[in-house]
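Peer 1: Provided below are the primary sequence and the corresponding predicted coordinates.
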Amino acid sequence: MTNSASFSCYKVSSKPNLHRVAKFFKVPFFGVDSDSLVFEPKHVGAVLKFETPAKFVWLFKWGCICFINFESSETYRFLKKLESTYGSVDFILFTKYNENYNLTMEESLEPAALSNILKIYAIVLAKSTELKYLEANLNLIYDQAERLVYDLQRGLPKPTSRILKKMNLGIVKTQLTIINSLQLLDRPKEFDDLKLKNIYNSAIKTFELPNRFETIQTKITTIIEIITPYQKLGFNHRETRLLFLEVVLLVLFPLSRILDYFFLKILTFLRFL
């Protein structure tokens, strides 16, 4: 018997409210200890209002949703039902950042084993989709860094401008998402079984997650190398301004005493006229 499943994963939000979704639809959720919320067929059926024996939905805390065995119309219907509790669904992100995959398994599996495999691919596709989003944002920062170099050829730009701070914040945010939210290089604890471990490793290789992680790190390093001289120039400029201000103040202090001295002399001279 052949088991097959179709996956469609989308980036739809930056700050989803999984707690509110779980409470409204009465779906089990383990809060801070869980990075996802799963709608099993019975939960999906309650949302779509018809029996769905083979449909699953995984919602992830970083804003991706993975649909399994959904038609396009069902996906849109589910998202509209979800929107009142999940938060605003960004359909621009939806159309730009997504992954699709068809999985075929040659052996017949027990429901629990099948659920684990579906979860593996749902997690990997969600990570891959989020990486697309992060890669696009990082490319924008990289383009900004290249423009700084171009501006330098025309005349020194302001190294302390807001754009440098925004670029640094973008880099930090990307790194935090990769490390804390995606945990890109960590295998989920529930996949310690040898067979599941091999399936997970195969899935991340299929979507080239390790290679894409290295590419992102290389690009971040390059951006930092570009903007670091600008930051140093900014610090030097501030130091120069402070030194100049100190010199001015040091000059003004004796100057005021000298002026007071001559002012008294002038008054004395005028008194004897």
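Peer 2: That came in fine, so what should we check first? Numbering: from 1, shown residues only.
Peer 1: quick check: mean pLDDT across the helix or strand encompassing Y200?
Peer 2: Taking DSSP states H and E as the criterion, Y200 maps to helix 194-206. Mean per-residue pLDDT for helix 194-206: 92.
Peer 1: Give me the contacts around it.
Peer 2: 116-117, 120-121, 124, 127, 187-188, 190-191, 210 (Cβ atoms under 8 Å, 6 or more residues apart in numbering). C-betas here are computed from N, CA, C, even on glycine.
Peer 1: could I get these as JSON lines with pLDDT, secondary structure and distance to S73?
Peer 2: Below are the contacts of helix 194-206 laid out as JSON lines (pLDDT from 0 to 100; DSSP: H, G, I helix; E, B strand; the rest coil; distance: Cβ to Cβ, whole Å):
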{"residue": "N116", "pLDDT": "90", "secondary structure": "helix", "distance to S73": "29"}
{"residue": "I117", "pLDDT": "92", "secondary structure": "helix", "distance to S73": "26"}
{"residue": "I120", "pLDDT": "94", "secondary structure": "helix", "distance to S73": "27"}
{"residue": "Y121", "pLDDT": "95", "secondary structure": "helix", "distance to S73": "23"}
{"residue": "V124", "pLDDT": "95", "secondary structure": "helix", "distance to S73": "26"}
{"residue": "K127", "pLDDT": "94", "secondary structure": "helix", "distance to S73": "27"}
{"residue": "R187", "pLDDT": "78", "secondary structure": "coil", "distance to S73": "35"}
{"residue": "P188", "pLDDT": "80", "secondary structure": "coil", "distance to S73": "32"}
{"residue": "E190", "pLDDT": "80", "secondary structure": "helix", "distance to S73": "33"}
{"residue": "F191", "pLDDT": "83", "secondary structure": "helix", "distance to S73": "33"}
{"residue": "P210", "pLDDT": "91", "secondary structure": "helix", "distance to S73": "36"}
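Peer 1: Buried subset of those residues as a ChimeraX selection?
Peer 2: Selection of buried members from these for ChimeraX, criterion 16 or more other Cβ atoms under 10 Å:
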select :116,117,120,121,124,127,191
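Peer 1: how about the contacts of helix 194-206, which pair is most distant?
Peer 2: Using Cβ to Cβ, the contacts of helix 194-206 reach their maximum pairwise distance at N116 and P210, which is 21.8 Å.
Peer 1: Any figure for the gap between E71 and N198?
Peer 2: 32 Å (Cβ to Cβ, to the nearest Å).
Peer 1: whoops, I mixed them up, S115
Peer 2: Between S115 and N198 the computed distance is 17 Å (Cβ to Cβ).
Peer 1: T222 against Y142, yeah?
Peer 2: Yes - between T222 and Y142 there is a contact under Cβ atoms under 8 Å: 7.3 Å.
Peer 1: which of the two has more neighbours?
Peer 2: Between T222 and Y142, counting by other Cβ atoms under 10 Å, Y142 is the more crowded of the two (16 against 13).
Peer 1: quick one, what contacts that one?
Peer 2: 219, 222-223.
Peer 1: Surely it is within a helix?
Peer 2: Yes - with DSSP: H, G, I helix; E, B strand; the rest coil as the criterion, Y142 is part of a helix.
Peer 1: More neighbours: S115 and N198, which one.
Peer 2: For S115 versus N198, neighbours defined as other Cβ under 10 Å are more numerous around S115 (14 against 11).
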